[in-house]
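> Model the structure of this input:
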Amino acid sequence: MGNGDIRVRGLAARAGGWSARHRWAAVGIWVLFVVLAMGLGSAAGRVDVKDSDQLKGETHTAARIVEDAGIDEPAGETVLIQARGGDLKATDPEFRDAVDAVVRAVEGTGKVTEVTSPYETKTISKDGRSALVQFDMRGESDTAGERVEPVLKAVEGVQEDHASLRIEEIGGASMMKTFDDAFGEDFKKAEYSAVPVAFGILLIAFGALVAALLPVALAVTAIMATMGLMGVVSHVMPMSETANSVMLLVGMAVGVDYCLFYLRREREEREAGRDAQTALRIAAATSGRAIVVSGVTVCVAMAGMLFTGLAEFEAMGLASLMVVAVAMVGSVTVLPALLSLLGERVEKGRLPFLRRRKRSGGTQDSRFWTAVLRRVLAKPVVAVVVAAGALLAITAPALGMKTQQLTLDQEFGDSLPIVQTYNRLNDAFPGGSEPAEVIVKAHDINAPEVKSALADFRDRAISSGASRGPVEIKLHDAQNVAFVYVPLVGGSDQDRAGASLDLLRDEVRPATLGKVDGLEAPITGQVAGSKDFNDQLAGAVVPVFAFVVVFAFVLMLLSFRSLTIAVTSIVLNLLSVGAAYGILVAVFQHGWGASLVGAEGVGAIITWLPLFLFVILFGLSMDYHVFVVSRIREARLRGLATKDAIRHGVVTTAGVVTSAAVIMVAVFAIFGTLSMQSMKQMGVGLAAAVLIDATIIRGVLLPAVMALLGERNWYLPRWLHRLPDLTHDETPQAVVAPAARDDEGEPLKV
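Residues are numbered from 1 along each chain as shown. Now for the predicted structure:
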């Protein structure tokens with residue numbers, strides 16, 4: 001009956017069957033969809049998240065005031081002039097000549113405005129060895145990095161004439177240019193190299209050029225379509241560059257995985273002697289269904305980011321959700337059509353030096369995992385204790401996790417000269433490089449009581465110990481807005497600077513500006529933004545965690561109709577995420593093996609990463625879990641004992657899971673090679689978690705736990721039997737084999 005006409009049920013099976021029968025229509029619809037999505041996205045343009053929408057709290061209020069007032073705050077730049085030796089002081093003629101030369105040089109470029117001398121603004125360090133020339137870049141701040149090069153060259157020219165002094169520029173524009181020059185190409189290379197890396201691994205896995213091209217083509221077209229959709233959707237929910245990068249990562253990972261699962265099963269069935277049509281139907285009914293279950297689960301996990309209330313997270317979550325949905329739809333529609341069109345030609349371009357050893361029945365053997373499974377299933381208790389103990393030990397460092405927004409020196413180390421300038425500036429003028437900004441909005445900014453409150457605030461900010469000064473006040477009379485810049489005591493030390501910020505917000509402001517009726521004075525800046533972000537994120541952890549876990553549990557329960565499978569799925573995924581956290585803390589916070597990945601001296605995990613990793617990893621982990629457990633369930637339906645079904649399911653999926661994991665690890669590891677520590681942390685965390693998930697979790701812990709549970713794996717209380725039945729589509733093997741039954745004598749459903 002292997003080649004007979006088998007009726008199958010389920011969305012994936014019906015979609016695959018229709019596509020195989022109407023293959024040119026399915027391919028045409030997919031191409032049309034991709035082209036239309038890209039065209040609509042290009043026509044609509046992309047709306048990015050505005051500064052005023054990035055955060056809630058005071059940071060949001062401050063950004064809204066500035067935006068409503070129509071004030072385009074320019075990019076500020078600072079030139080640090082510092083004596084190299086201990087004798088020269090800011091009051092000496094040579095030092096004064098250098099200051100005057102800097103002022104003339106930057107003004108002479110025609111690119112700056114509002115140039116101030118340290119002798120006017122009193123921006124001279126306590127020891128008298130350092131002084132600051134400050135100015136603003138002309139034009140929009142977002143593009144200031146493109147216009148700052150002549151100013152940088154002018155400052156370099158002054159430095160050449162004054163060897164006894166250190167003359168260095170730093171600011172928003174110069175940092176923007178430095179980072180774009182140093183890391184812009186770095187990011188592009190990382191994103192572009194993901195495709196050839198994935199293709200190379202697939203070529204080795206399949207041994208055929210055409211078969212390796214299919215998953216890459218599906219992933220790339222899914223990403224292209226999603227980029228277009230992001231432009232359209234951004235007019236409702238703004239997107240961002242970060243969301244785009246995350247979408248590329250997730251899209252490449254799931255797009256290749258889904259196609260790999262489908263293609264491997266179709267090839268396996270053909271190798272077992274079935275004709276192409278039947279093999280395709282079986283792949284649609286099994287792997288296609290696993291892809292749908294996995295895709296929906298990943299989408300639900302990504303949707304958890306929509307509950308954070310953080311615009312950047314919401315953009316990342318929606319972009320990831322869309323690319324997973326597009327890749328899932330493509331896998332169960334256009335892929336069967338392409339396989340039907342290609343037939344045996346999918347094996348074209350075979351590499352002669354790659355030969356795959358096959359077992360009887362056409363399934364590919366895995367010597368390594370067969371040997372591992374033999375030992376795991378022989379002693380499942382030992383396997384559970386050892387594997388779970390190892391994972392808990394790896395997770396242990398996560399209990400002391402410290403999260404914060406990384407400072408410039410933490411993010412880039414000493415790899416850039418501008419980082420050294422940043423450190424020298426903070427040493428001489430603590431907090432001067434990243435001052436707190438008080439945005440004061442009043443009915444009349446020049447009213448006597450407002451001016452008195454501003455002066456009182458400036459004096460008390462210093463006398464309270466929150467700042468060592470100088471506190472600068474910049475008035476915008478027409479808009480009745482004032483900007484107050486307060487260098488915080490603590491500088492780049494986030495904990496001390498945070499304490500200074502609390503002092504300003506909780507004591508200094510209420511006692512001064514807070515006494516003026518109708519006056520708003522939110523405090524923003526880098527330190528304030530970090531604190532507000534942390535507070536918002538802390539409040540989002542519980543609802544996001546609960547949403548993802550509960551919905552994943554429900555989906556597993558409905559998909560496998562087993563309470564046991566649903567519970568073990570959640571527990572194993574949490575172990576995988578916990579181990580990733582532990583590795584991150586060990587490497588980036590404690591510095592264990594940090595030199596291996598270039599992460600010395602970071603000392604903290606960037607604030608957004610733990611929640612981001614939880615959502616992404618919880619979703620991606622379901623790929624392997626659903627695929628492996630589906631195959632075990634399928635074997636159980638054919639009448640195999642549970643232990644034999646476990647052995648069959650794990651061994652027959654080992655090749656595809658290994659290939660998929662290697663691709664994911666390789667793609668994520670590319671981002672682990674970047675110089676930015678935040679990107680390095682993301683890449684290392686994702687790569688480590690996927691590696692652990694595909695080996696220890698799926699290869700050891702899952703089969704050991706299922707072996708211990710035995711028939712209880714399929715337990716579903718009678719009061720839950722009324723739940724919707726989303727179990728496996730039927731396969732030819734299931735039709736011809738005796739129906740497997742549970743402990744109560746009822747047929748098991750796949």
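
> In contact with the residue nearest in space to the middle of the chain, which residues?
Averaging the C-alpha coordinates of the chain gives a centre point, and the residue nearest to it by C-alpha atoms, centre = their mean is V246 (5.2 Å). V246 makes contacts with M316, A319, S320, I616, as judged by C-beta atoms under 8 Å, 6 or more residues apart in numbering. In short, each C-beta sits where N, CA and C put it, glycine included.

> at 7 Å what do you get?
Residues near V246 by C-beta atoms under 7 Å, 6 or more residues apart in numbering: M316, A319, S320.

> Would you mind pulling up the elements that the host helix or strand of the last one packs against?
Right, S320. S320 belongs to helix 311-332 when assigned by DSSP states H and E. Counting contacts by 3 or more C-beta pairs under 7 Å, 6 or more residues apart in numbering; DSSP states H and E, helix 311-332 packs against helix 11-21, helix 51-54, helix 209-233, helix 241-271, helix 287-303.

> Name the stretch among these that sits most buried.
Mean neighbours per residue, mean count of other C-beta atoms under 10 Å, is largest over these for helix 287-303, with a mean of 27.

> what's the distance between it and the middle of its chain?
Taking C-alpha atoms, centre = their mean, to the nearest Å, one finds helix 287-303 lying 19 Å from the centre of the chain it belongs to.

> Equivalent analysis for stretch 285-305, please.
Averaged over its C-alpha atoms, stretch 285-305 has a centre that lies 19 Å from its chain's centre (C-alpha atoms, centre = their mean).

> pLDDT averaged over that stretch - what is it?
Stretch 285-305 shows a mean pLDDT of 85.

> Using CSV, list the CA coordinates for it.
Written as CSV, here are the backbone C-alpha positions of stretch 285-305 (Å, rounded to 0.1, in the frame of the first residue of the first chain):
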residue,chain,number,x,y,z
ALA,A,285,1.3,15.2,6.5
THR,A,286,4.2,14.8,8.9
SER,A,287,7.0,17.4,8.6
GLY,A,288,4.5,19.9,7.1
ARG,A,289,2.3,19.5,10.2
ALA,A,290,5.4,19.8,12.5
ILE,A,291,6.4,23.0,10.7
VAL,A,292,2.9,24.5,11.3
VAL,A,293,2.9,23.6,15.0
SER,A,294,6.5,24.9,15.4
GLY,A,295,5.8,28.0,13.4
VAL,A,296,2.6,28.9,15.4
THR,A,297,4.5,28.3,18.6
VAL,A,298,7.4,30.5,17.5
CYS,A,299,4.9,33.2,16.5
VAL,A,300,3.3,33.1,19.9
ALA,A,301,6.7,33.4,21.6
MET,A,302,7.6,36.4,19.5
ALA,A,303,4.2,38.0,20.2
GLY,A,304,5.3,38.0,23.9
MET,A,305,7.5,41.0,23.0
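
> that older thread, so how far is I29 from the residue nearest to the centre of the chain?
V246 sits 28 Å away from I29 when distances are taken as C-beta to C-beta, to the nearest Å.

> do Q82 as well
Using C-beta to C-beta, one gets 66 Å for the distance from Q82 to I29.

> Same check on A599?
47 Å.

> ok, those two, which is more surrounded?
Each of A599 and I29 had its neighbours counted (other C-beta atoms under 10 Å), and the higher figure belongs to A599 (22 against 15).

> unless I'm mixing things up, that one is touching A586, no?
No - counting by C-beta atoms under 7 Å, A599 stays clear of A586, with 10.7 Å between them.

> Let me know the average pLDDT across the helix or strand hosting A371.
Assigned by DSSP H and E, A371 belongs to helix 367-378. Averaged over helix 367-378, pLDDT sits at 86.

> In terms of secondary structure, what does it contact?
By 3+ C-beta pairs under 7 Å, 6+ apart, helix 367-378 packs against helix 642-672, helix 702-709.

> same question for the shortest one, mean pLDDT?
Yep, that's helix 702-709 we're talking about. Taken as a whole, helix 702-709 has an average pLDDT of 92.

> in it, what counts as buried?
If you call a residue buried by 16 or more other C-beta atoms under 10 Å, then helix 702-709 has these buried ones: L702, P703, A704, V705, M706, A707, L709.

> can you check the first one too?
Of the residues in helix 642-672, 642-643, 645-672 count as buried by neighbour count, 16+ other C-beta under 10 Å.

> contact partners of the very next helix or strand once past that helix?
Counting by DSSP H and E, the element after helix 642-672 in chain order, helix or strand, is helix 677-692. Contacting residues not belonging to helix 677-692 are listed as 406, 410-411, 576-577, 579-580, 583-584, 587-588, 597, 599, 602, 605-606, 609, 613, 616-617, 620, 661, 664-665, 668-672, 674 [C-beta under 7 Å, 6+ apart].

> Please pull out the lowest mean pLDDT helix or strand from the chain.
Lowest by mean pLDDT, DSSP states H and E among the helices and strands of the chain is helix 732-736, with a mean of 39.

> one step back: indicate which one of the helices and strands packed on helix 311-332 is closest to L351.
Between L351 and the helices and strands packed on helix 311-332, the shortest gap by C-beta to C-beta is with helix 209-233, which sits at 7.8 Å.

> Just give me how far the closest one sits from the chain centre.
A distance of 19 Å separates the C-alpha centroid of helix 209-233 from that of its chain, computed with C-alpha atoms, centre = their mean.

> Quick check: which helices or strands does it pack against?
For helix 209-233, the helices and strands in contact under the criterion 3+ C-beta pairs under 7 Å, 6+ apart are helix 23-44, helix 172-206, helix 241-271, helix 311-332, helix 334-342.

> please redo it, this time with the cut-off set to 6 Å
In this structure, helix 209-233 makes packing contacts with helix 23-44, helix 172-206, helix 241-271, helix 311-332, judged by 3 or more C-beta pairs under 6 Å, 6 or more residues apart in numbering; DSSP states H and E.

> where does the stretch 151-300 of the chain dip in pLDDT?
Low-confidence regions of the stretch 151-300 of the chain, defined here as pLDDT under 70, cover residues 182-189, 191.

> Wait, E434 touches Q526, no?
Yes - taking C-beta atoms under 6 Å as the definition, E434 is a contact partner of Q526 at 4.1 Å.

> Could you tell me which residues touch both of these two?
When contacts are counted by C-beta atoms under 6 Å, 6 or more residues apart in numbering, the set common to E434 and Q526 is empty.

> Centroid-wise, who is the farthest residue in the protein?
Counting by C-alpha atoms, centre = their mean, the extreme residue of the chain relative to its mean C-alpha position is P93, 52.9 Å from that point.

> mind checking pLDDT for it?
90.

> For it, give its distance to R129.
15 Å.

> H625 too?
H625 sits 61 Å away from R129, taking C-beta to C-beta as the criterion.

> and S576, how many neighbours?
Counted with other C-beta under 10 Å, the neighbours of S576 add up to 28.

> wait, it sits on S621?
Yes - counting by C-beta under 6 Å, S576 touches S621, with 5.4 Å between them.

> Mutual contacts of these two, please.
A shared contact of S576 and S621, defined by C-beta under 6 Å, 6+ apart, is any residue touching both; here these are D693.

> CA atoms only for stretch 422-439, dumped as CSV, please.
As requested, C-alpha coordinates have been extracted for stretch 422-439 and formatted as CSV (Å, rounded to 0.1, in the frame of the first residue of the first chain):
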residue,chain,number,x,y,z
TYR,A,422,35.7,59.1,26.6
ASN,A,423,37.6,57.7,29.6
ARG,A,424,39.9,60.7,29.9
LEU,A,425,37.0,63.1,29.7
ASN,A,426,35.1,61.2,32.4
ASP,A,427,38.1,61.2,34.6
ALA,A,428,38.6,64.9,34.3
PHE,A,429,34.9,65.9,34.2
PRO,A,430,32.9,63.1,35.9
GLY,A,431,29.5,62.8,34.0
GLY,A,432,30.5,65.5,31.5
SER,A,433,30.3,63.2,28.5
GLU,A,434,26.8,62.0,29.4
PRO,A,435,25.1,64.6,31.5
ALA,A,436,21.5,64.4,32.8
GLU,A,437,19.2,66.7,30.8
VAL,A,438,16.4,68.4,32.5
ILE,A,439,13.8,69.5,30.0
